[in-house]
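Q: The following block contains a protein sequence and its predicted model.
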Amino acid sequence: MENPIIAEATRGPLTESLHRGSFVVCDQQGKVVSSAGHFEVPVFPRSAIKAFQCLPVIESGAADRFGFTDEEIALCCSSHNGEPDHIRVAASMLKKCGTSENAYECGPHWPGTEDALHAMVRAGENPRRIHNNCSGKHAGMIALAVHLGVSPAGYSSIDHTVQKAVATVMGSICDVDLAKCEYGIDGCSLPTWAFPLRNMALGFARLGADDHGTGRRIIAAVRKHPFMVAGTGRFDTRIMQAVPRLFIKVGAEGVFCGSIAHAGLGFALKCDDGGIRGAEVAVAALLVKLDVWTGEERKTISTFAHSALHNWMKTEVGEVRAAF
C-alpha cells in the first residue's frame, strides 16, 4: 500500500502536485503518540541524524580537549550554507585539533546562498572542501580521530575507528543493530545506514532526555546558535529561531528528524519523492498537531505549514501546504 499524501502544491484553484510520505512521533520508551504511513520501513536518514554523529565527539572527551565552543558543536550538527561565519567556525575547529583542510574527505562545492557564492566569484575564488555543507560534521570527526590517537586518513570509511564509534553510539541511542542494516555512501562520502523512522524518533526522544547531559549539551548548543545548523533563509534555522524549544534537522531526500525535549518526544518524517518543499510543510503540520506547545508557539509553527509559490514576476500563483 502507498503512503498517505502529506503535502500538496496548488496552482490557482487546483492541486497540481502531491507528496506522499510517512512520519512517527514517539516517547523515550518507544511508545508511538502520532504516526502515518509505513514508518517501520528502513530509510536513509542522511543528514537528519548529525546530532547522533556528534555524540562520540563529546562523549569521548574530544570536544572538551580541543575546547569546542557551543558554536562549534552546533556546526558539527549542520548542513550549512557555506557562508563566511560557517567557514570561520569550521576553520577554527580544524586549527584547534592541529589539522588543516587537507584532512577533509568531503568534496568541495559552492556556498548555498547567492551572496556568499557571488562574493567568491568576484574574488576569483574556487570552492574548497571547507565550503561543503557537511564540513562541520567532518571537522568533528577529524578531531575525534586525533583525540583517539588514530590517523584521520580514511576516517570516512565504514571500517575506520571513527565510523565504528559513530555506529556504536547511534545504534545504542536508536535501539538498532546497524551491523544488520543496509548502508550506502552519503553525499559527503560518509556511510549512511538505513533504518526505520520509528528508531530515529526514539533516538531523538532519548537525545533530549540524555541522563549524562551529552544530548542536552548538543540541543542547547543548537538552540543558542541555530544559524550554524543551516543559515540564511533555511527552514531549520528559521523555525528554530522562531520556536527555540524545538530541535529539528533536515536530511537529503525529504527527511526531517528532531526532538521536543520539554515533552520527552522525538519525531521523524520522510517524503517519498525526496521533495524538501513537501517535507517542510508536512513536518510543521505534524508539530502543530502535538499538544505540547504554548498558544504562541503553536501559532508560530502553523505559519511554516504552508509556503507561497511565486513566479518570476513575484506574483503569488499557488502554495505548498500540508495535506493532513
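A: Arrived safely, thanks for sending.

Q: Which parts of this structure are strands?
A: Ranges of strands within the chain are 5-11, 14-27, 32-36, 42-43, 183-185, 191-193, 195-196, 247-251, 255-260, 265-271, 306-310, 316-322, based on DSSP state E.

Q: Correct me if wrong: residue 196 contacts residue 38.
A: No: when contacts are counted by Cβ atoms under 8 Å, residue 196 is not listed as touching residue 38 (9.0 Å). Where C-beta positions appear, they are placed from N, C-alpha and C, glycine not excepted.

Q: Surely residue 247 touches residue 226?
A: No: counting by Cβ under 8 Å, residue 247 sits too far from residue 226 to count as a contact (9.4 Å).

Q: overlap in contacts of the two?
A: residue 240 (Cβ atoms under 8 Å, 6 or more residues apart in numbering).

Q: who has more neighbours, those two?
A: Ranked by neighbour count (other Cβ atoms under 10 Å), residue 247 and residue 226 place residue 247 first, with 27 against 24.

Q: can you tell me how far the more buried one sits from residue 256?
A: 11 Å (Cβ to Cβ, to the nearest Å).

Q: Can you tell me which of the strands of the chain is nearest to residue 292?
A: When the strands of the chain are compared by Cβ to Cβ, strand 255-260 sits nearest residue 292, at 5.7 Å.

Q: C-alpha coordinates for the closest one, CSV please?
A: Extracted in CSV, the C-alpha atoms of strand 255-260 (Å, rounded to 0.1, in the frame of the first residue of the first chain):
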residue,chain,number,x,y,z
VAL,A,255,13.8,13.7,5.7
PHE,A,256,13.3,15.6,8.9
CYS,A,257,14.1,14.4,12.4
GLY,A,258,14.1,16.2,15.7
SER,A,259,13.5,16.4,19.4
ILE,A,260,10.9,18.1,21.6
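
Q: Go through it and flag the buried ones.
A: If you call a residue buried by 16 or more other Cβ atoms under 10 Å, then strand 255-260 has these buried ones: 255, 256, 257, 258, 259, 260.

Q: how about the third one, what does it touch?
A: It stands for residue 257. 45, 48-49, 200-201, 204, 248-249, 251, 266-269.

Q: May I see the buried residues of stretch 218-229?
A: For stretch 218-229, the neighbour count (16+ other Cβ under 10 Å) marks 218, 219, 220, 221, 222, 223, 225, 226, 227, 228, 229 as buried.

Q: Quick one: end-to-end distance for stretch 267-285.
A: Stretch 267-285 has its terminal residues 12 Å apart, counting by Cα to Cα, to the nearest Å.

Q: should've said stretch 297-307
A: 18 Å.

Q: in it, what's buried?
A: By 16+ other Cβ under 10 Å, the buried positions in stretch 297-307 come out as 297, 298, 300, 301, 304, 305, 306, 307.

Q: mean confidence score for that stretch?
A: Taken as a whole, stretch 297-307 has a mean pLDDT of 97.

Q: do the same with stretch 231-243
A: 97.

Q: Repeat that for stretch 31-51.
A: 97.

Q: ok now that stretch, how far from the chain's centre?
A: Distance of stretch 31-51 from the chain centroid (Cα atoms, centre = their mean, to the nearest Å) equals 13 Å.

Q: Same question for that stretch: list its buried residues.
A: 33, 35-39, 43-51.

Q: Tabulate the CA atom coordinates of that stretch in PDB.
A: The C-alpha trace of stretch 31-51 is given here as PDB (Å, rounded to 0.1, in the frame of the first residue of the first chain):
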ATOM      1  CA  LYS A  31       5.500   4.400  22.500                       C
ATOM      2  CA  VAL A  32       4.000   5.900  19.400                       C
ATOM      3  CA  VAL A  33       1.900   9.000  20.000                       C
ATOM      4  CA  SER A  34       1.300  10.000  16.400                       C
ATOM      5  CA  SER A  35       2.100   8.400  13.100                       C
ATOM      6  CA  ALA A  36       1.100   8.000   9.400                       C
ATOM      7  CA  GLY A  37       2.200   5.600   6.700                       C
ATOM      8  CA  HIS A  38       4.800   2.900   6.800                       C
ATOM      9  CA  PHE A  39       7.200   4.300   9.500                       C
ATOM     10  CA  GLU A  40       8.700   0.800  10.100                       C
ATOM     11  CA  VAL A  41      10.200   0.600   6.600                       C
ATOM     12  CA  PRO A  42      14.000   1.300   6.600                       C
ATOM     13  CA  VAL A  43      15.000   4.600   5.000                       C
ATOM     14  CA  PHE A  44      18.300   6.600   4.800                       C
ATOM     15  CA  PRO A  45      18.200   9.400   7.400                       C
ATOM     16  CA  ARG A  46      21.000  11.200   5.600                       C
ATOM     17  CA  SER A  47      22.000  14.400   7.300                       C
ATOM     18  CA  ALA A  48      19.000  14.500   9.700                       C
ATOM     19  CA  ILE A  49      20.900  12.500  12.300                       C
ATOM     20  CA  LYS A  50      24.100  14.600  12.500                       C
ATOM     21  CA  ALA A  51      23.400  15.100  16.200                       C
END
